[in-house]
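[1] model this:
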Amino acid sequence: MNVEKIVDRLAQFEAHLKTTKEIPKGMRDMIMANIQQARLNIDDEETLNMFWNTIRGQNKLLKENACSFGSGTAGVVTIPNEATQAQVDAMRGVLIDSFQLVDPLFLRGRGGREFTNGEDFADFVLTPNIKRLNAELSSGVWDGNYPITLKEISSDEEGVEG
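    Next comes the predicted model:
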C-alpha cells in the first residue's frame with residue numbers, strides 16, 4: 001500500500017479510537033502506540049508497511065468495534081440532508097479563508113500531511129466529520145436535525161452499578 005493511503009488510514013483509525021468508547025483502554029493505548037511508531041517511520045516505506053500490518057491485525061481483534069476503512073476511494077463524501085450541506089458549505093468557506101492563518105507545523109505534523117491549499121485543508125477537516133454524521137444518521141443515533149443533541153445514556157449502558 002502506498003504511503004499516502006497508509007497515512008490517511010492511520011488518521012482515520014486514530015479518530016475512530018478516540019470516538020469509540022467501547023474499545024478497552026489497554027487495546028486503545030497499544031494501537032495508538034503503533035500508530036505513533038508508524039508515523040515516526042513515514043520515510044521508511046518497508047517499516048511503515050510492517051507497522052500498518054500490525055495495526056490492521058489489531059483492528060481485526062476489535063471485532064464489532066473495528067474501524068471500517070471503506071473502499072478506499074477518495075472523493076466527495078455524500079451529505080445526507082440539506083441542513084448538513086448548509087453547515088458544511090459554511091465551514092468549508094471559513095476553513096479555506098483561514099488556511100493562511102494556520103500554523104505550518106500543524107499542517108505538516110498531522111500524520112505527515114502537507115497541505116498546499118485551503119481546499120485540501122478543508123477536506124481534511126470536514127470529511128471525517130461528514131462520515132461520522134452519516135454513520136450516526138444511518139444508525140439512528142442522530143435524527144438529522146439541528147442543533148445536534150446528545151443521546152442520553154442510562155447507568156446500565158455506562159456499566160455503572162446502581
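
[2] use CA for all of it now, contacts and neighbours both
    OK.

[3] In contact with L95, which residues are there?
    G118, F121, A122 (C-alpha atoms under 8 Å, 6 or more residues apart in numbering).

[4] wait, doesn't the last one sit right on V88?
    Going back to what we said before, that points to A122. No - counting by C-alpha atoms under 8 Å, A122 does not reach V88; the two are 9.7 Å apart.

[5] quick revisit: would you write a PyMOL line that selects the buried entries of the contacts of L95?
    Buried residues among the contacts of L95 (16 or more other C-alpha atoms under 10 Å), as a PyMOL selection:
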select buried, resi 118+121+122
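
[6] Can you give me the buried ones in the longest helix seen in the chain?
    As assigned by DSSP state H, the longest helix anywhere in the chain is helix 118-139. Counting neighbours by 16+ other C-alpha under 10 Å, one finds that the buried residues in helix 118-139 are G118, F121, A122, D123, L126, T127, P128, I130, L133, N134, L137.

[7] Next: stretch 33-41.
    So, applying 16+ other C-alpha under 10 Å, buried residues of stretch 33-41: N34, I35, A38, R39.

[8] Phi, psi for S68 please.
    For S68, the backbone dihedrals are phi -100, psi 120 (criterion: degrees, to the nearest 10).

[9] I'd like the distance between it and D43.
    Using C-alpha to C-alpha, to the nearest Å, one gets 26 Å for the distance from S68 to D43.

[10] How about D143?
    Where D43 is concerned, D143 sits at a distance of 43 Å (C-alpha to C-alpha).
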